[in-house]
Structures are given as C-alpha cells and as structure tokens.
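J.: Okay, here's the prediction I keep looking at, along with the sequence it came from:
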2 protein chains.
Amino acid sequence: MQARIKARYQARAKVMKAMSHPTRLFIVDEIANGERCVSELTEMVGDDISTVSKHLSVLENAGIVFGDKRGAQVWYRLRVPCALDFLDCVERVLKIVARQRTELIERR
Amino acid sequence: MQARIKARYQARAKVMKAMSHPTRLFIVDEIANGERCVSELTEMVGDDISTVSKHLSVLENAGIVFGDKRGAQVWYRLRVPCALDFLDCVERVLKIVARQRTELIERR
DNA sequence: AGAGTCATTGGCTATTTTACCAATACGCCA
DNA sequence: TGGCGTATTGGTAAAATAGCCAATGACTCT
C-alpha cells in the first residue's frame, strides 16, 4: 500500500480507535446531552478519576471533545457533534448482526 | 455504571474496535467494491498473509464481513453494508477537525 | 497563607494487540 | 499420489493500552 494512502487510513483509524472503548463511547453519549465535568463523569463511570481523565484526553486528542476550564473544573463537550453518528452506525450494525444470527438459528 | 449498560457499551466498543485498524478499514473499503480473496488483499496491503488473515477474522468475528470458501480461495465480502457508514462518519470528523485547525491558525 | 477540591501527569503492572515465522490444513491438478 | 498455491492456526516478541496509586498543579474559600 502506498505511503500516502496508508497515512490516510491511519488518520481514520486514529479517530475510530478513540471511540473504541466502552467508557469513551459512554462519555461521548453522555456529553451529547450537555457539558459534563470530569468528576461528574467519574461518578457515572465508576473508575478512578485519573483513568477517566486519560480517556478524555484520548478523545480530545482525536478532536472529538473539547475541555473548557472554568474555575477548578473542566467542562467537556462534543467538539464534533457528528461523532454521535458513530453510535447510530454501531447500533445499526449490532441490530443487523443480531437479526442474521436469529435467522441462522431459525433455519436449523 | 450499571452492569447492563456497561455490557451494552462493551458490545458497541467491540464493533468499533474491529474497525479501528488502518488495514481493517482499508479492507472494508476495498471489499465494498466487490468480493476479494485473501491473497488479493494481502497483495494490496503488503503485510504477511497470516496477518491479513487474522485481520479478516477479527472483522468476521464482529459480524462485519463474511468469508466464502470456493476452491482453495476464500472470498470475502461485506456482510453488513452499512459498515461503510463508519468511513463516511470518520471522513466527516476529519474534515471538521481539519477546518477547525485552519480557523485557529487564521485567527492568529 | 493554608486547607480542601478538582484535574492532570508520571510511574508501574497487567493485559491486549500486532506482526512475523513456521507449521498445518485444504483443494487442485499433473 | 505428490507437489503447489491458498488460507488458517500456533507460537513468540515487541508495542500499545488500560487501570490504579501517588505526586503535582491549579483554583477556591476562609
């Protein structure tokens, strides 16, 4: 594969990768409802705050979220609202896969 | 986070993860144009055939592609065409992020 | 200034992922 | 049947990821 094309797919994979963790998917889903600060998300997720903070930095690094420091808190929101479309995509895939599995079983 | 909800996000992340590698993204993109066998993909990707085969099994395991053995070859195609939507999503995200970066530079 | 809260960073370990090589399995056909 | 092309599987080493704790930085309030 050509270097240019490879770089292109690597850039794409970086974005996908940022969304490839349960906690990070949850965060994206959650902040779609409005800004959340780190401790709020930590409370919901149930992991250590340092873990959540690192997840957030992965998302921020991929350009998906944006952290706004106000006082001692950092409020995160979606920087790219269409990141939500991934959740729709994934839901559609899961639905189709589930249906195909059901059909296979019924056919027996 | 509740166990049920957590499981839900894990299932979603599994699909995302399957699409989170440059080679696998390329494969999905490529077989959208029609069936390809493992050695064809290997040729295009430039990795060892065992590596490509394993990438394919990751995709198959996630329900995204389907391998059809005919003779000595195995022909892979998309089992879930809407997996292509991920590529659109990712492209849109990249475009927006790139534009935001440009705007930041211009504003200086 | 000092104590308390909030978030990030560094350090560390355990786990997972990736890629190669070698070995195996399968089908074709001379 | 033996050899060749095709694909998968097992083994292994290197790299990346995830999570926790501890340390640090930054802000607020008294």
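T.: Okay, I see it.
J.: Name the single longest helix found in chain A.
T.: If you go by DSSP state H, chain A has its longest helix at helix A:84-106.
J.: export the helix or strand of chain A with the lowest mean pLDDT as CSV, just CAs?
T.: Ranking every helix and strand in chain A by mean pLDDT, DSSP states H and E puts helix A:84-106 at the bottom, with a mean of 92. C-alpha atoms of helix A:84-106 as CSV (Å, rounded to 0.1, in the frame of the first residue of the first chain):
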residue,chain,number,x,y,z
LEU,A,84,-22.7,10.8,17.6
ASP,A,85,-23.3,9.3,14.2
PHE,A,86,-20.9,6.6,15.1
LEU,A,87,-23.3,5.4,17.8
ASP,A,88,-26.1,5.2,15.3
CYS,A,89,-23.8,3.3,12.9
VAL,A,90,-22.8,0.8,15.6
GLU,A,91,-26.3,0.3,16.7
ARG,A,92,-27.4,-0.4,13.2
VAL,A,93,-24.6,-2.9,12.7
LEU,A,94,-25.5,-4.7,16.0
LYS,A,95,-29.1,-4.9,15.0
ILE,A,96,-28.4,-6.4,11.7
VAL,A,97,-25.9,-8.9,13.1
ALA,A,98,-28.3,-9.9,15.8
ARG,A,99,-31.1,-10.5,13.2
GLN,A,100,-28.8,-12.5,11.0
ARG,A,101,-27.9,-14.7,14.0
THR,A,102,-31.6,-15.2,14.7
GLU,A,103,-32.3,-16.2,11.1
LEU,A,104,-29.5,-18.7,11.2
ILE,A,105,-30.9,-20.4,14.3
GLU,A,106,-34.5,-20.5,12.9
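J.: between it and helix B:84-107, how many degrees?
T.: On the basis of axes from the mean of the first three to the mean of the last three CA atoms, to 10 degrees, helix A:84-106 is oriented at 170 degrees to helix B:84-107.
J.: Which elements pack onto helix A:84-106?
T.: Applying 3 or more CB pairs under 8 Å, 6 or more residues apart in numbering or on different chains; DSSP states H and E, we find helix A:84-106 packed against helix A:22-31, helix B:3-18, helix B:84-107. From N, CA and C alone the C-beta is placed, and that goes for glycine too.
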